[in-house]
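[1] please work out how this folds:
(one chain, ligands or ions: 1)
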Amino acid sequence: MKKLVVANWKMNKNGKECLQFLQEFKAKYTNQADAWIAPQSLYVKLVVDSGIKAGIQNCSEFIHGAYTGEISSRTFKEMGGEFVILGHSERRQYFSETSKSLNAKVKTALAEGLKVIYCIGETLLEREANQTLSLMTDQLHQGLNDITTANVENLVIAYEPVWAIGTGKVATPAQAQEVHAHIRTVMKTKFPAFGEKVRILYGGSVKPDNVKELFGQKDIDGGLVGGASLKANDFLALCGDI
Ligand code: PGA
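    Numbering: from 1, shown residues only. Sure, this is the predicted structure:
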């Protein structure tokens, strides 16, 4: 299966910087890995127009109505959007999202035909207390509760150890593989026909110099990338194009 490399630009890049990146990236991108980009929501149209799959970094659990400040997955889909990142640890940490509350967003986005990258991960304290695997099971069961097999095909899981995000501390390939294998087992139990092929991304300080080893692991199907996705050449390197 092709690797999937997803850029999470968080709250970075103005319009001019987005356009410059897209131009540089498209000049060398050969499609050997799937590349998706989630810019700040206000710039998604720039990514849509570039022909690269565009995403948002959060969406509402509601479709329309009196929800000031929210983004509707239906509206996003209508303007050519393809995917949404849900449950990123920064959303969990700063905006009080939990696996339970995220479940409604996951269901809405899938029902609207968006691809969903559902993020899970443990803190350093939780890892040191040996809770990583059981927590991943819980985060999967809670966030994906009651998902029908009809739209599960659009689901991608991202394992992002919180202690490795933006810190330069990367999980060793063996540490990541152990958790990815566990996630696949849980997914196979939950969704028998789909678990084997679900794409499980690793996120947390993925860079050109560690990508090969990480992506070489059996159950690592690509990456969700913050810092190293901001420079076109680094992102191209992650996609195997430099
Ligand atoms: P990082 O971020 O690559 O900068 O560690 C990953 C993420 O937040 O998804």
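[2] from here on, just use CA atoms for contacts and neighbour counts.
    Noted.
[3] in the chain, which residue sits furthest out from the middle?
    Ala66 (28.1 Å; Cα atoms, centre = their mean).
[4] helix, strand or coil: sort out that residue for me.
    coil (DSSP: H, G, I helix; E, B strand; the rest coil).
[5] quick one: buried residues of the lengthiest helix in the chain?
    Secondary structure of the chain per DSSP state H: the longest helix is helix 173-190. For helix 173-190, a neighbour-count test (16 or more other Cα atoms under 10 Å) marks 173, 176-177, 179-188, 190 as buried.
[6] ok, now stretch 217-229?
    217, 219-229.
[7] just to revisit the earlier point, who's in contact with the longest helix of the chain?
    If you take Cα atoms under 8 Å, 6 or more residues apart in numbering as the criterion, helix 173-190 is touched by 132-133, 136-137, 140, 159, 194-196, 198, 200, 202, 213-214, 217-220.
[8] how about the residues of the chain by the ligand?
    For the chain, the residues in contact with the ligand (Cα under 6 Å from any ligand atom) are 8, 164-166, 203-206, 224-228.
[9] show me those residues that map onto strands.
    8, 203, 224-225 (DSSP state E).
[10] quick check: the two most widely separated of these?
    Asn8 and Gly203 (10.0 Å; Cα to Cα).
[11] of these two, which one has the most company?
    Gly203 (28 against 25; other Cα atoms under 10 Å).
[12] show the pLDDT at the more buried one.
    In this model, Gly203 is scored at 97, pLDDT.
[13] need phi/psi at Gly55.
    When read as degrees, to the nearest 10, the backbone of Gly55 gives phi -130, psi 170.
[14] I'd like the numbering to begin with 5 instead of 1 from here.
    All right, first residue 5 from here; so that's Gly59.
[15] run through the residues that contact it.
    40-43, 48, 85-89.
[16] all helices for the chain, in order.
    19-32, 48-54, 77-82, 93-98, 103-115, 128-132, 136-147, 177-194, 215-219, 236-242.
[17] what's in contact with the third one?
    Contacting residues not belonging to helix 77-82 are listed as 63-64, 67, 112-113, 116-118 [Cα under 8 Å, 6+ apart].
[18] nearest to the ligand among these?
    Cys63 (16.3 Å; Cα to the nearest ligand atom).
[19] thinking again about what came up before, would you turn the helices of the chain into a markdown table with mean pLDDT?
    Output for those, formatted as a markdown table (pLDDT from 0 to 100):
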| stretch | mean pLDDT |
| --- | --- |
| helix 19-32 | 98 |
| helix 48-54 | 98 |
| helix 77-82 | 98 |
| helix 93-98 | 98 |
| helix 103-115 | 97 |
| helix 128-132 | 95 |
| helix 136-147 | 98 |
| helix 177-194 | 97 |
| helix 215-219 | 98 |
| helix 236-242 | 98 |
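[20] redo those helices as TSV? Include distance to Tyr122.
    As requested, the helices of the chain are exported to TSV (distance: least, Cα to Cα, whole Å):
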stretch	distance to Tyr122
helix 19-32	24
helix 48-54	19
helix 77-82	15
helix 93-98	11
helix 103-115	8
helix 128-132	20
helix 136-147	8
helix 177-194	12
helix 215-219	19
helix 236-242	21
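[21] among these, which is nearest Val156?
    Using Cα to Cα, the nearest of the helices of the chain to Val156 is helix 103-115, at 7.5 Å.
[22] which outside residues touch that closest one?
    Taking Cα under 8 Å, 6+ apart as the rule, helix 103-115 contacts 63-67, 77-78, 88, 90-91, 119-120, 122, 143-144, 146-149, 151, 155-156, 158-159.
[23] quick revisit: for the longest helix of the chain, C-alpha coordinates in PDB please.
    Listed next in PDB are the C-alpha coordinates belonging to helix 177-194 (Å, rounded to 0.1, in the frame of the first residue of the first chain):
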ATOM      1  CA  PRO A 177      10.800   2.600  15.400                       C
ATOM      2  CA  ALA A 178      10.400  -0.400  17.800                       C
ATOM      3  CA  GLN A 179       8.300   1.700  20.300                       C
ATOM      4  CA  ALA A 180       6.100   3.000  17.500                       C
ATOM      5  CA  GLN A 181       5.700  -0.400  15.800                       C
ATOM      6  CA  GLU A 182       4.700  -2.000  19.100                       C
ATOM      7  CA  VAL A 183       1.800   0.500  19.500                       C
ATOM      8  CA  HIS A 184       0.900   0.400  15.800                       C
ATOM      9  CA  ALA A 185       0.600  -3.400  15.900                       C
ATOM     10  CA  HIS A 186      -1.600  -3.100  19.000                       C
ATOM     11  CA  ILE A 187      -3.800  -0.500  17.300                       C
ATOM     12  CA  ARG A 188      -4.200  -2.800  14.300                       C
ATOM     13  CA  THR A 189      -5.300  -5.700  16.500                       C
ATOM     14  CA  VAL A 190      -7.900  -3.500  18.200                       C
ATOM     15  CA  MET A 191      -9.100  -2.300  14.800                       C
ATOM     16  CA  LYS A 192      -9.300  -5.900  13.500                       C
ATOM     17  CA  THR A 193     -11.400  -6.900  16.400                       C
ATOM     18  CA  LYS A 194     -13.700  -3.800  16.000                       C
END
